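Engineer: pasting a predicted model and its sequence here:
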Amino acid sequence: MVALMAARSAGILLYRRGETGVEVWIAHMGGPFWAHKDEGGWSIPKGLVDEGEDDMAAAQREFAEEMGSPAPEADYERLGEFTASGKTIVVFAAEAAFDPAEIHSDTFELEWPPHSGRVRRFAEVDAAGWHPVADARLKLTKGSAASARRVAEGTGRRGPALTPGLRGIAIADGSLVPWRRRSRTRYASASNGPRSPLIG
């Protein structure tokens, strides 16, 4: 019998330090399954590692696919490997400024409603922004929450405090921020719009 390889994902966890403490950049998973789920419905930008692909290269590729822009240049550290739902998640962390004006998330197709014969397209990510670690740990999936906790435990090292404040796209306070995708501008809200699982 041939043993099946466990799924392996790689992701990037950005953090910054402001007046209120450590904040992390996280994303809400898109599509109908996550449409009304805030707690446990967020993740770090991540995705599956292709066969033969370098972990860091995979993390950077997935970040760009989900955010629509490259991960910022920074001194990334391999935070560790975390296990959740039988999958290993390799996380790279860095202190960096990241405030895109908009996001361009990749999309996926899904039959929705189930058994309806209608195939719809959803964004992999429908919201993203900076959140205090204490809040993020409640919002994040199990594997991602563990990485946020480790960042919080290790951010006593040197480094300048970055600009404080919660900014991003369709952040959890329900504010509306322009989000352009496929040459159209739409307004996305963390409390509205279709959502579904983030692949990887």
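Structural biologist: Happy to help now that I have it.
Engineer: which one is Ala59 nearest to, not counting chain neighbours?
Structural biologist: Leaving aside its sequence neighbours, Ala59 sits nearest to Ala10 (Cβ to Cβ, 6 or more residues apart in numbering; 4.0 Å). C-betas here are computed from N, CA, C, even on glycine.
Engineer: which ones are touching the one you found?
Structural biologist: 46-47, 49, 55-56, 58-59, 62, 89-92 (Cβ atoms under 8 Å, 6 or more residues apart in numbering).
Engineer: do the same with Ala145
Structural biologist: Under the criterion of Cβ under 8 Å, 6+ apart, the contact list for Ala145 reads 136-138.
Engineer: give me the element it is part of.
Structural biologist: helix 142-154 (DSSP states H and E).
Engineer: list the buried residues in that helix.
Structural biologist: 143-152 (16 or more other Cβ atoms under 10 Å).
Engineer: quick one, strands of this structure?
Structural biologist: All strands of the chain, identified by DSSP state E, fall at 8-18, 21-29, 42-43, 46-48, 77-84, 87-95, 107-111, 119-123, 125-132, 168-169, 177-181, 184-188.
Engineer: on that earlier part again, quick one: average pLDDT of the helix holding Ala145?
Structural biologist: Per-residue pLDDT over helix 142-154 has a mean of 85.
Engineer: and it with strand 87-95, angle?
Structural biologist: Put simply, helix 142-154 runs at 30 degrees to strand 87-95, going by axes from the mean of the first three to the mean of the last three Cα atoms, to 10 degrees.
Engineer: tell me the angle helix 142-154 makes with strand 21-29.
Structural biologist: Using the same axes, to 10 degrees, helix 142-154 lies at 170 degrees relative to strand 21-29.
Engineer: one step back: turn the contacts of Ala145 into a markdown table, columns for distance to Glu109, neighbour count and pLDDT.
Structural biologist: Converted to a markdown table, the contacts of Ala145 look like this (distance: Cβ to Cβ, whole Å; neighbours: other Cβ atoms under 10 Å; pLDDT from 0 to 100):
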| residue | distance to Glu109 | neighbour count | pLDDT |
| --- | --- | --- | --- |
| Ala136 | 29 | 26 | 94 |
| Arg137 | 32 | 17 | 92 |
| Leu138 | 31 | 12 | 93 |
